[in-house]
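Chemist: how would this look folded up:
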Amino acid sequence: MPKLKVNDIEVEVEDGLTVLQACEKAGAEIPRFCYHEKLSIAGNCRMCLVEMEKSPKPIASCAMPAAEGMNIKTNTAFVEKARKGVMEFLLANHPLDCPVCDQGGECDLQDQSMFYGVDKSRFKENKRSVPEKYMGPLIKTQMTRCIHCTRCVRFATEVAGVSELGAIGRGEDMQITTYLEQSMQSELSANVIDLCPVGALTSKPYVFEARPWELTKTETVDVMDAVGSNVRVDTYDWEVKRVLPLINEDINEEWISDKTRYACDGLLNQRLDTPFIKYNGKFEKASWDEVFKIIKSKFENSSKEKICGFVGDLTNMETGYIFKEFFDRTLSNHNYDSRSDNRYVDVKERENYIFNSSINGIEDADLIFLIGSNPRYEATILNARIRKAFVNNNTKIISLNDVGDLTYPYESLDGQTQSIKNIFEGSDEISKKILDAKHPIIIIGESLLKLNSADYLFNLIKDFLNKNNKFTDNWNPLNILSCDASTVGNFDLGIINNDINLIKDLKSNKFEIVYLVGQDNLEFDKKDEFIIYQGSHGDKGAEIADIILPGAAYTEQDGHFTNLEGKIQKAYKASYPPGDAKEDWQIINELAEVMNNRKLFNDKDELESSMFNFLKLQKEKEIVDSKEQLNSNFQNEKLNIQVKDYYFSNVIARSSKTMIECDNSKLNLKSTGTEG
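Modeler: Numbers count the residues shown, from 1 in each chain. So this is what the prediction gives:
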């Protein structure tokens, strides 16, 4: 490990680190525009110049490897003069757009020009002008402001895996552009907005909406998929204006998907803001007292076996837990579930339904086998990790199905369940690859769990890994890729019914009362059922309801979510529910009081405490059955991967105008034959 001096402070750094990283370790701040920790080194902007002993010229610290005995100065007059010269070059063609630029207030160039800018320029030439580029419905371009740092180009190529951005021309004629003047075909495309150090690439849906200092910032978690990306929700007067990523190296690093970033405008549309009762096929507004009295009457006049309930895909754990308690304690009934289909789930062990290798662990894998999964659309951020593993370690990736472009090369098989049986019985060449791998990862998608022989195949895979000692203290190769934010949390809370087939009974119209909490994905033909729908948006569940109870969206209430790898994270309240809508747990608590003259919980703290005690007891009671009996109900069938429509996967996304524009943009590319 080389030792060097930075401003007379001796530091020891790892081999391969740059002078810039050594300076930061010594506490010296180095200005930069092109350098970024997650991208390759370009050395374009020259803003990071420092003085090195025995060097007649300043050096670019981002591109110079740290070496033994270096003596670096970062704050001398020599360095300051060099940086001022670079800033003068950068501003030579930069327009005076700050008053109307969306980047104003959080612009790196603006900040650095305060330190290194001068009040005059020695350049007499006319400023250049660059025509705007079309980059789709998400990215607004103002390319005259571009300083050619190439961060966006490197991100698109290296992280997103789409080589659609690049530079054309040379010198003053150089321009950053999409090669075919089309929208970037990546679910991560809008991260270039955060990366851009100037106002060349800004957010098209957010244009001229607010200034950064006018916004209230709330750190929370995302619910658009099961990854649980850490985000910051910015609100203006209780309206969610934008969603930005927070750095969490274990989960989303510093990226978020386009759906996470832009579906937030769906929080304003199609909202339920008052209780409704359906009379003669039409909804009429009602008071909370009215709807509670009707629900109480219906419950009391129906046998408990004829009542069932379903929890949806965006509900927080507090809501799921109080819903379960309402059925257990108030209705003395266990007919509840959180699934909208008959997929197989074994909840005896937690490892049977979580992503055990962890998102971070993907980078350590030497073999990844995708079975019934399309991670690009089911978990975009997780897919970026798989690409990172391939780019950095050349990890071998195999998929049972050909699922199209995943942004990295992979070997695809025939998509038959017989192939899975052959591999995990040890009679296939891929069996040997799994056995030879030190850290294999088997990723099982929800599509596999919907098969007729899902039970057999899941236990076969687990049994094979067990027998061959692939489960160790440091590594668990068995991974379930959940698609919805509340899936794992609901399974942890036991909101699942394996005793009776609720979905089958629902489709057979055996129930009289159906209580849906945020559940919009059930497909059944309604006959005489009385349906209570509690949720935030007027979507599929509200359409078939007889009574609507307006709830809160994820940004309008505190609540915990467990991500696909089993980490519990808290989503914080950033705004308020509209109109007469209430927080979900509160609605169920008040309904219980109407039913029994007693609330289930006195306040939210008591609810949380009870929920965490339940989770602790469940962990202690977990049944570990190593002698798993394989069922003989195997049948060879084609595994068809059923992926939700990416831009319309939940009620918030389906209510978003921006998501509609994204979907239309993709459809236009397909119709013109320019996609991919």
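Chemist: hey, where'd the helices end up in the stretch 301-450 of the chain?
Modeler: Taking DSSP state H, counting those that start in this stretch as the test, the helices found in the stretch 301-450 of the chain are 317-325, 375-378, 380-393, 417-424, 429-436, 446-449.
Chemist: winner for burial among those?
Modeler: helix 317-325 (a mean of 26; mean count of other C-beta atoms under 10 Å). Every residue, glycine included, has its C-beta placed from N, CA and C.
Chemist: before we move on, back to that, let me have the helices of the stretch 301-450 of the chain in CSV, adding mean pLDDT as columns.
Modeler: Compiled in CSV, the helices of the stretch 301-450 of the chain are given as follows (pLDDT from 0 to 100):
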stretch, mean pLDDT
helix 317-325, 95
helix 375-378, 93
helix 380-393, 94
helix 417-424, 92
helix 429-436, 91
helix 446-449, 92
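Chemist: Quick check: which of those helices is nearest to Leu591?
Modeler: helix 317-325 (9.9 Å; C-beta to C-beta).
Chemist: related to what we said a few turns ago, want to throw the helices of the stretch 301-450 of the chain into JSON lines with distance to Asn459?
Modeler: Shown next, in JSON lines, are the helices of the stretch 301-450 of the chain (distance: least, C-beta to C-beta, whole Å):
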{"stretch": "helix 317-325", "distance to Asn459": "27"}
{"stretch": "helix 375-378", "distance to Asn459": "23"}
{"stretch": "helix 380-393", "distance to Asn459": "24"}
{"stretch": "helix 417-424", "distance to Asn459": "10"}
{"stretch": "helix 429-436", "distance to Asn459": "17"}
{"stretch": "helix 446-449", "distance to Asn459": "12"}
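Chemist: among these, which is nearest Lys54?
Modeler: That would be helix 380-393 among the helices of the stretch 301-450 of the chain, by C-beta to C-beta, at 34.7 Å.
Chemist: How far does the closest one sit from its chain's centre?
Modeler: The chain centre lies 14 Å from the centre of helix 380-393; the measure is C-alpha atoms, centre = their mean, to the nearest Å.
Chemist: Could you do stretch 24-33 as well?
Modeler: Worked out by C-alpha atoms, centre = their mean, stretch 24-33 lies 30 Å from the chain centre.
Chemist: do the same with stretch 270-287
Modeler: On C-alpha atoms, centre = their mean, the centre of stretch 270-287 falls 33 Å from the chain's centre.
Chemist: ok, Leu465 touching Phe471?
Modeler: Yes: in terms of C-beta atoms under 8 Å, Leu465 counts as a neighbour of Phe471; the distance is 6.2 Å.
Chemist: which residues do these two both contact?
Modeler: Both Leu465 and Phe471 are contacted by 477-478, under the criterion C-beta atoms under 8 Å, 6 or more residues apart in numbering.
Chemist: residues touching Cys152, list them.
Modeler: 165, 176, 192, 195-196, 201.
Chemist: quick revisit: out of the helices of the stretch 301-450 of the chain, which comes closest to Glu593?
Modeler: Closest among the helices of the stretch 301-450 of the chain, once you apply C-beta to C-beta, is helix 317-325, at 12.1 Å.
Chemist: In helices, which of the contacts of Cys152 fall?
Modeler: Among the contacts of Cys152, the members found in helices (DSSP state H) are 192, 195.
Chemist: Of the helices of the stretch 301-450 of the chain, which is nearest Ile544?
Modeler: When the helices of the stretch 301-450 of the chain are compared by C-beta to C-beta, helix 317-325 sits nearest Ile544, at 18.8 Å.
Chemist: on contacts alone, who are the packing partners of the closest one?
Modeler: Judged by 3 or more C-beta pairs under 8 Å, 6 or more residues apart in numbering; DSSP states H and E, the packing partners of helix 317-325 are strand 307-311, helix 487-492, strand 513-517, strand 559-562, helix 584-596, helix 604-621.
Chemist: Show me what the last one is in contact with.
Modeler: Looking back up the chat, that one is helix 604-621. Contacts made with helix 604-621 from outside it, assessed by C-beta under 8 Å, 6+ apart, are listed as 317-318, 321-322, 325, 350, 492-494, 558, 560, 585, 589, 600-601.
Chemist: Which positions within it qualify as buried?
Modeler: By 16 or more other C-beta atoms under 10 Å, the buried positions in helix 604-621 come out as 604, 607-608, 610-611, 614-615.
Chemist: In a markdown table, list these along with pLDDT and distance to Gln642.
Modeler: Below are the buried residues of helix 604-621 laid out as a markdown table (pLDDT from 0 to 100; distance: C-beta to C-beta, whole Å):
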| residue | pLDDT | distance to Gln642 |
| --- | --- | --- |
| Lys604 | 93 | 37 |
| Leu607 | 94 | 35 |
| Glu608 | 94 | 35 |
| Ser610 | 94 | 36 |
| Met611 | 94 | 32 |
| Phe614 | 92 | 32 |
| Leu615 | 90 | 30 |
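Chemist: Which member of the residues you listed is positioned nearest Ser399?
Modeler: Leu615 (34.2 Å).
Chemist: what about that closest one, distance to His560?
Modeler: Computed as C-beta to C-beta, to the nearest Å, the Leu615 to His560 distance reads 10 Å.
Chemist: do Val153 as well
Modeler: Remark: distance between Val153 and His560 (C-beta to C-beta) = 39 Å.
Chemist: where does the stretch 501-650 of the chain have low pLDDT?
Modeler: Judged by pLDDT under 70, the stretch 501-650 of the chain has its weakly predicted residues at 623-632.
Chemist: quick one: contacts for Gly136?
Modeler: 182-184, 189, 662, 665.
Chemist: which strands and helices sit next to whichever helix or strand Phe78 is part of?
Modeler: In this structure, Phe78 sits in helix 77-90 according to DSSP states H and E. Applying 3+ C-beta pairs under 8 Å, 6+ apart, one finds that helix 77-90 contacts strand 49-52, helix 108-116.
Chemist: Please state the mean pLDDT value computed over the first one.
Modeler: It refers to strand 49-52. Predicted confidence along strand 49-52 averages 92 (mean pLDDT).
Chemist: Going by contacts, tell me the helices and strands next to it.
Modeler: Under the contact criterion of 3+ C-beta pairs under 8 Å, 6+ apart, strand 49-52 touches helix 19-25, strand 59-60, strand 71-73, helix 77-90.
Chemist: State the distance from Ile615 to Glu622.
Modeler: Actually, residue 615 is Leu rather than Ile. Distance from Leu615 to Glu622, by C-beta to C-beta: 11 Å.
Chemist: re earlier: out of the helices and strands packed on helix 77-90, nearest to Asp15?
Modeler: Short answer: strand 49-52, nearest of those by C-beta to C-beta, at 18.6 Å.
Chemist: still on that earlier bit, single out whichever of the contacts of Cys152 has the smallest pLDDT.
Modeler: Within those, Leu165 has the lowest pLDDT, namely 87.
Chemist: tell me the contacts of that residue?
Modeler: So Leu165 contacts 152-153, 156-157, 176-179, 184, 192 (C-beta under 8 Å, 6+ apart).
Chemist: Can you tell me the SS state at the closest residue to it other than its chain neighbours?
Modeler: Counting by C-beta to C-beta, 6 or more residues apart in numbering, Ala156 is the residue found nearest to Leu165 once chain neighbours are left out, at 4.3 Å. Using DSSP: H, G, I helix; E, B strand; the rest coil, the three-state assignment for Ala156 comes out as helix.
Chemist: Please tell me I have it right and Ala156 contacts Val162.
Modeler: Yes: in terms of C-beta under 8 Å, Ala156 counts as a neighbour of Val162; the distance is 5.5 Å.
Chemist: Could you point out which of the buried residues of helix 604-621 is nearest to Arg343?
Modeler: Leu615 (22.6 Å).
Chemist: Now do that closest one against Ile588, distance only.
Modeler: Going from Leu615 to Ile588 by C-beta to C-beta gives 19 Å.
Chemist: do Lys507 as well
Modeler: 26 Å.
Chemist: More neighbours: which of those two?
Modeler: Legend: neighbour count by other C-beta atoms under 10 Å for Lys507 and Ile588, higher for Ile588 (30 against 14).
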